[in-house]
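> output the structure for:
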Amino acid sequence: MRGSNIAGTKKWTVRTMSLALGATLLVTPLNAFASSEHTARPILKAPSQSQMSPLAVGQSRKLSSSELKQLWNGIDARFSPDKAVAAVKAALSEKEYNTLFPYRLGSVEWHKAAAGKEYDDPKQGDYYSYQNLIDAVTEAANIKYKVSTRAGSLTAQEIYRLDKKMMKETLVVRTDDFNSKANSKQKISTQIVDFGSFLQEGSDRDRKRDLAALLANLSHETGGGAADSPGGELRWGLFWNQNIAGRTGVNKSNFVDAASSKLYPGVEGKRYYGRGPIMMSWNFNYGLISSIIYGDKNVLLKNPESVAADGKLGFMTALIFWLTPQAPKPSAHDVMVGKWKPIREDLAKGLSPAGFGVSVMVLNGLEANLGDVDGSPIKRRAGHYRDITARMGLNIIGEKVDTLGMKPF
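Modelled structure (predicted):
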């Protein structure tokens, strides 16, 4: 999870490392959605929570159907868990998935490759199994996410989580300055994300490209092979699920950011290095993602190792990141399904046309202005994308898959 973002009391510039490349990358917390520099980008307007009695952080309440419509724009039947799962299965079958990722963590081939190595674990289950992906899509599709930001302040926010099935909303974050004297009279801008929208928006072709782009980027981040590896480098995607330096203790940092430690306090003895397919790092990302998934920031702050232990949870962290915009950046999902249109500032940075290349810039601004050539990380990302789309029967000739000419959002 990468980029730059503003949250809390100052701009956070923080880092994580790619397992496969050992490169230092910027990390983006997911809790800022407004940008004074990108006022032209449309912001979804939704009714204010102030029309109801306020909740304390951590409190929940069940909503009526009318309240759901008023506060959350209702529940869209297109984004139900069963339809999200059906879309994944239609785009890529389990058989095709297993063929693409034979060396995924915990598979039979992974265990053969790991035998006798430092990381060998005979008890390692099939972390990146197709079923774990399906289970993650199912569970994520039952969640909606809403962030409200005060006009003129990027730091003054409220964040809510909605359990669609239970019709229950939970206030998971309210910054100290959201209702301060200076901000209490400021207008509120709100964005809502329905995690059931994965593979449910855009054309059938765009939906397949969306899944292919997600898996291609994850495969690059977790790749364990090289050009001369058995089967070729692309068969070794999804090989790792932990940052090597963090797991082995070569990097002893606890990855607790001081600026966010009041809102998302690190637990003594716990370390928040990169875990899961998206290599989620830092206390604020563990805390916020925990809030979205569980309605409680403390679940993952107290048990960060569970992200690497539970494949379904790992896939959920990746799906949430993929579907959530981070101003001034759109979500990678919106880029792939045609919901995002570049504005003047984006065009000036070469961030067009929408497609796989722009999705890379959403994930990692440090890979700006790179071609699909030997020695470039784009080569493996694009290689996975071509490989997966070919398996889906898609022709992507002409799509810009590199970042040449692009600058970070």
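
> dump the residue contacts of residue 175.
Applying CB atoms under 8 Å, 6 or more residues apart in numbering, we find residue 175 in contact with 8, 155-158, 263. C-beta: built from backbone N, CA, C; applies to glycine.

> which pLDDT value does the model give it?
The confidence metric pLDDT takes the value 92 at residue 175.

> tabulate the contacts of residue 175 (a markdown table), appending secondary structure.
Formatted as a markdown table, the entries for the contacts of residue 175 read as follows, by DSSP: H, G, I helix; E, B strand; the rest coil:
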| residue | secondary structure |
| --- | --- |
| 8 | coil |
| 155 | coil |
| 156 | coil |
| 157 | strand |
| 158 | strand |
| 263 | coil |
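
> which SSE is residue 85 in?
Under the criterion of DSSP states H and E, residue 85 resides in helix 81-91.

> what comes into contact with that helix?
Contacts of helix 81-91 with the rest of the structure, by CB under 8 Å, 6+ apart, involve 77, 133-134, 137-142, 196, 198-200, 207-208, 211, 392.

> stretch 313-320 too?
Contacting residues not belonging to stretch 313-320 are listed as 30, 127-128, 132-133, 135-137, 139-140, 145, 195, 198, 214, 218, 241, 275-278, 280, 289, 292-293, 306-308 [CB under 8 Å, 6+ apart].

> where is the longest helix in this protein?
helix 204-222 (DSSP state H).

> give me the buried positions along it.
Neighbour-count burial for helix 204-222 flags 207-222 (criterion: 16 or more other CB atoms under 10 Å).

> which other helices and strands contact that helix?
helix 81-91, helix 311-323, helix 332-337, helix 356-363, helix 377-392 (3 or more CB pairs under 8 Å, 6 or more residues apart in numbering; DSSP states H and E).

> leaving aside the residues adjacent along the chain, what's closest to residue 352?
Ranked by CB to CB, 6 or more residues apart in numbering and with sequence neighbours excluded, the top spatial neighbour of residue 352 is residue 342, at 4.5 Å.

> shouldn't the one you found be in contact with residue 350?
No. Assessed by CB atoms under 8 Å, residue 342 is found out of contact with residue 350, at 9.5 Å.

> run through this protein and note the low-pLDDT ranges.
For the chain, applying pLDDT under 70 flags the ranges 1-51.

> in it, which spans are strands?
With DSSP state E as the definition, the chain shows strands at residue ranges 5-7, 10-12, 14-17, 24-27, 60-62, 143-150, 157-163, 168-174, 188-194.

> the longest one to strand 168-174, inter-axis angle?
Pointing back at strand 143-150 there. Between the axes of strand 143-150 and strand 168-174, defined by axes from the mean of the first three to the mean of the last three CA atoms, to 10 degrees, the angle is 40 degrees.

> can you pull out the helices in the stretch 151-300 of the chain?
Taking DSSP state H, counting those that start in this stretch to define them, one finds helices in the stretch 151-300 of the chain at 204-222, 244-248, 283-294, 298-302.

> just the buried residues out of the contacts of stretch 313-320, in ChimeraX syntax.
In ChimeraX syntax, the buried subset of these is picked out as below (16+ other CB under 10 Å):
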select :30,127,128,132,133,135,136,137,139,140,145,195,198,214,218,241,275,276,277,278,280,289,292,293,306,307,308
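
> how many neighbours does the closest residue to residue 199 other than its chain neighbours have?
Counting by CB to CB, 6+ apart, residue 87 is the residue found nearest to residue 199 once chain neighbours are left out, at 3.7 Å. Taking other CB atoms under 10 Å as the criterion, the count of residues near residue 87 is 21.

> for residue 87, give its distance to residue 137.
Counting by CB to CB, to the nearest Å, the gap from residue 87 to residue 137 is 8 Å.

> spit out the residues that contact these two alike.
Shared contacts of residue 87 and residue 137, defined by CB under 8 Å, 6+ apart, are found at residue 198.

> okay, residue 353 and residue 406: tell me how far apart.
Counting by CB to CB, the separation of residue 353 from residue 406 is 11 Å.

> so for the two, which sits in the more crowded spot?
Residue environment comparison for residue 353 versus residue 406 gives the larger neighbour count to residue 406, 22 against 11, counting by other CB under 10 Å.

> just list the residues touching the closest residue to the more buried one other than its chain neighbours, thanks.
Beyond its immediate neighbours in the sequence, the residue positioned closest to residue 406 (CB to CB, 6+ apart) is residue 350, lying 4.4 Å away. For residue 350, the contacting residues are 405-407, taking CB under 8 Å, 6+ apart as the criterion.

> switch these over to TSV; also include distance to residue 322.
Output for the contacts of residue 350, formatted as TSV (distance: CB to CB, whole Å):
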residue	distance to residue 322
405	24
406	19
407	22
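
> how far away is the closest residue in space to residue 139 that isn't next to it in sequence from residue 203?
Setting aside the residues directly before and after it, residue 139 is nearest to residue 316 in space (CB to CB, 6+ apart), at 6.3 Å. Spatial separation of residue 316 from residue 203 under the definition CB to CB is 26 Å.

> buried ones in stretch 171-178?
Judged by neighbour count (16+ other CB under 10 Å), stretch 171-178 contains these buried residues: 171-175, 177-178.

> mind picking the two most distant members of those residues?
With CB to CB as the measure, no two of the buried residues of stretch 171-178 lie farther apart than 172 and 177, at 16.8 Å.

> quick one: which of residue 316 and residue 203 has more around it?
residue 316 (28 against 10).

> now that one: how far from residue 214?
To residue 214, residue 316 is 13 Å away according to CB to CB.

> then residue 364?
14 Å.

> for the protein, identify the residue most remote from the centre.
Note on the chain: the largest separation between a C-alpha and the mean C-alpha position, by CA atoms, centre = their mean, falls on residue 181 (33.9 Å).

> list the contacts for that residue?
For residue 181, counting by CB under 8 Å, 6+ apart, there are no contacting residues.

> and it, how far is that from residue 156?
Going from residue 181 to residue 156 by CB to CB gives 12 Å.

> ok, now residue 62?
Shown here: residue 62 relative to residue 156, a distance of 27 Å by CB to CB.

> same question for residue 272.
In this view, residue 272 and residue 156 are 25 Å apart by CB to CB.

> about what we covered before: turn the helices and strands packed on helix 204-222 into a markdown table, including distance to residue 297.
Converted to a markdown table, the helices and strands packed on helix 204-222 look like this (distance: least, CB to CB, whole Å):
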| stretch | distance to residue 297 |
| --- | --- |
| helix 81-91 | 24 |
| helix 311-323 | 14 |
| helix 332-337 | 24 |
| helix 356-363 | 24 |
| helix 377-392 | 32 |
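
> alright, I will stop here.
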